[in-house]
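K.L.:
model the structure of this input:
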Amino acid sequence: MDLHELSQRSLARRAFLKRSGASLGTLALASLLNEDAQAAPSGAPLRRNRGAVDPLHFAPKAKRVIYLFQSGAPSHIDLYDPKPKLVEMTGEPLPDSVRRGQRITGMTSGQKYHLCVGSPFQFHRHGNSGTAFSEVLPNIGKMADDICLLRAVHTDPINHDPAVTYLYTGHQQPGRPTLGAWTSYGLGSENRNLPAFVVMISGGGGQSLQSRYWGNGFLPSSHQGVQFRSQGDPVLYVSNPPGLNGPTRRRMLDRLQALNQLQHERIGDPEILTRIEQYELAYRMQTSVPDLMNLKTEPQAVLDLYGADPEKPSFANNCLLARRLAERGVRFIKLLHRDWDHHGGLPNGIRSQAKNTDQASAALLSDLKQRGLLDETLVIWGGEFGRTAYSQGDITKQSFGRDHHPRCYSIWMAGGGIRGGMTFGQTDDFAYNIVQDGVHINDLHATILHCLGIDHERLTYRFQGRDFRLTDVAGKVAFPILA
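P.N.:
Sure, this is the predicted structure:
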């Protein structure tokens with residue numbers, strides 16, 4: 001075959017692919033625009049896309065996830081894992097047999113002594129299960145029989161940013177899709193008027209929160225988390241700018257979509273179709289989001305249950321919004337509450353953040369349960385790692401701190417597919433090492449996906465010649481905690 005014939009074949013193949021891409025693009029755009037023409041009944045969710053896992057690998061127990069992320073790493077020792085011996089040894093050096101030469105951060109590696117410090121809080125048993133919770137979490141304690149408390153979760157990173165990145169992507173280095181993005185990719189959306197993955201932030205101070213914590217990584221950008229704000233426009237750039245009315249916005253959007261379609265016909269980039277879809281979703285959100293965010297429509301009894309105030313942004317407001325999003329079929333709802341990073345002033349800091357989160361966290365479970373939604377909604381509460389059994393800095397009656405501790409900590413789960421009223425995993429007398437039934441972050445991811453009907457080993461995406469997955473090459477489902 002001569003060079004001329006090879007060139008002609010190459011051109012013919014390129015033309016075929018170009019025409020095929022244009023046809024698929026035209027069909028995709030027509031389908032998207034046709035959705036607008038066929039209005040759904042008022043308030044009725046309409047599935048926007050079917051997701052990559054169709055049919056599901058297992059019969060799902062959960063349809064959605066609400067993740068109550070406590071940024072900064074709450075102390076498991078002071079909230080969920082009582083250690084009487086640690087209290088007795090307060091002020092004494094942590095035994096070498098406990099630390100075992102394991103690495104610690106630079107913030108405490110230079111201390112001459114690493115003195116044990118027990119929790120200043122009392123623990124009380126709750127419910128038929130008798131699960132012990134700190135006195136600063138009385139409302140969460142009341143939900144003990146609906147909660148599965150994992151006391152032996154462990155992770156790899158020892159500092160905040162890589163630990164948060166690892167918790168949500170299964171890898172310490174940025175760039176991979178987050179848990180919410182994987183969920184959106186795998187399951188699709190049940191509501192064409194709202195994103196499949198929504199993010200809300202509360203609290204102030206503490207560790208900074210990066211937008212990549214809810215990013216799509218190398219998945220199509222339609223799967224990234226959309227941040228809903230508590231002040232101003234609920235979603236940035238969704239509202240019409242001054243001087244632009246609805247009909248004009250629609251005409252402008254139609255012309256922009258036509259230009260995007262021409263560009264797709266020319267180069268065949270699938271991300272252009274994603275852009276078309278996102279513009280259309282943003283247009284529909286102009287009417288769906290304001291109604292969603294209007295907490296004044298809630299009965300006063302419900303506002304009181306959460307401790308929510310429509311006039312003041314708070315974690316409580318976000319928990320109530322999470323329930324409203326769950327009712328509307330949003331797949332993954334991620335609440336991030338800041339300022340749990342207590343290297344000093346821990347007793348007062350713990351009390352303050354517990355007061356900000358305890359009532360609303362419990363109210364969310366109670367409200368979902370009362371509405372028949374908890375059985376199909378997986379709720380998760382926890383931070384990126386735990387805190388040390390030894391004090392950072394001096395110990396006084398009123399103040400001390402705890403350093404980072406990735407080797408064991410506590411997370412609780414409730415709802416869709418999880419056995420309530422149980423504890424799983426055990427740590428030593430210092431809450432420093434795992435004694436039994438450890439759950440690695442990869443295992444946590446595998447278990448969450450299993451509850452959603454997904455085999456974590458089969459949810460993959462090919463990128464740069466490799467099939468990636470959330471759990472990488474690890475992860476096992478924690479079957480004993482499943483209902």
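
K.L.:
where does the chain dip in pLDDT?
P.N.:
Scanning the chain for pLDDT under 70 picks out the ranges 1-49, 231-232, 236-240, 243-244, 248-249, 254, 273-283.

K.L.:
can you give me the helices in it?
P.N.:
All helices of the chain, identified by DSSP state H, fall at 3-37, 76-79, 84-88, 96-99, 138-142, 160-169, 179-187, 246-267, 270-293, 300-306, 315-327, 346-370, 441-451.

K.L.:
most tightly packed of those helices?
P.N.:
helix 76-79 (a mean of 29; mean count of other C-beta atoms under 10 Å). C-beta here means a position set from N, CA and C on the backbone, and glycine is covered the same way.

K.L.:
show me what it is in contact with.
P.N.:
83, 86, 118-121, 133-134, 136-137, 151, 346, 350, 354, 386-387, 389, 402, 408-410, 431 (C-beta atoms under 8 Å, 6 or more residues apart in numbering).

K.L.:
could you give the separation of that helix from the chain centroid?
P.N.:
Distance, stretch centre to chain centre, for helix 76-79: 22 Å (C-alpha atoms, centre = their mean, to the nearest Å).

K.L.:
again, but for stretch 448-468
P.N.:
17 Å.

K.L.:
also stretch 178-187?
P.N.:
For stretch 178-187, the distance to the chain centre is 10 Å (C-alpha atoms, centre = their mean).

K.L.:
which other residues reach it?
P.N.:
With C-beta under 8 Å, 6+ apart as the criterion, stretch 178-187 contacts 51-53, 65, 67, 168-169, 177, 195-197, 199, 212-217, 219-220, 222-225, 331-332, 334, 445, 448-449, 452, 454, 459, 461, 470.

K.L.:
burial count for the closest residue to residue 345 other than its chain neighbours?
P.N.:
Closest residue to residue 345 apart from its sequence neighbours, by C-beta to C-beta, 6 or more residues apart in numbering: residue 399 at 5.3 Å. Residue 399 has 15 neighbouring residues, counting by other C-beta atoms under 10 Å.

K.L.:
residue 234: neighbour count?
P.N.:
So residue 234, with other C-beta under 10 Å, has 20 neighbours.

K.L.:
go on, residue 171?
P.N.:
The local packing of residue 171 (other C-beta under 10 Å) involves 17 other residues.

K.L.:
was I right about it contacting residue 162?
P.N.:
No. The criterion here is C-beta atoms under 8 Å, and residue 171 misses it with residue 162 at 9.2 Å.

K.L.:
name the nearest residue to residue 160, ignoring sequence neighbours.
P.N.:
residue 207 (4.9 Å).

K.L.:
so what's the residue count around residue 483?
P.N.:
Count around residue 483 with other C-beta under 10 Å applied: 12.

K.L.:
from what I can see it touches residue 415, true?
P.N.:
No. The criterion here is C-beta under 8 Å, and residue 483 misses it with residue 415 at 9.5 Å.

K.L.:
now do the same end-to-end measure for stretch 77-92.
P.N.:
17 Å (C-alpha to C-alpha, to the nearest Å).

K.L.:
for residue 116, see how far away residue 270 is.
P.N.:
As judged by C-beta to C-beta, to the nearest Å, residue 270 and residue 116 stand 57 Å apart.
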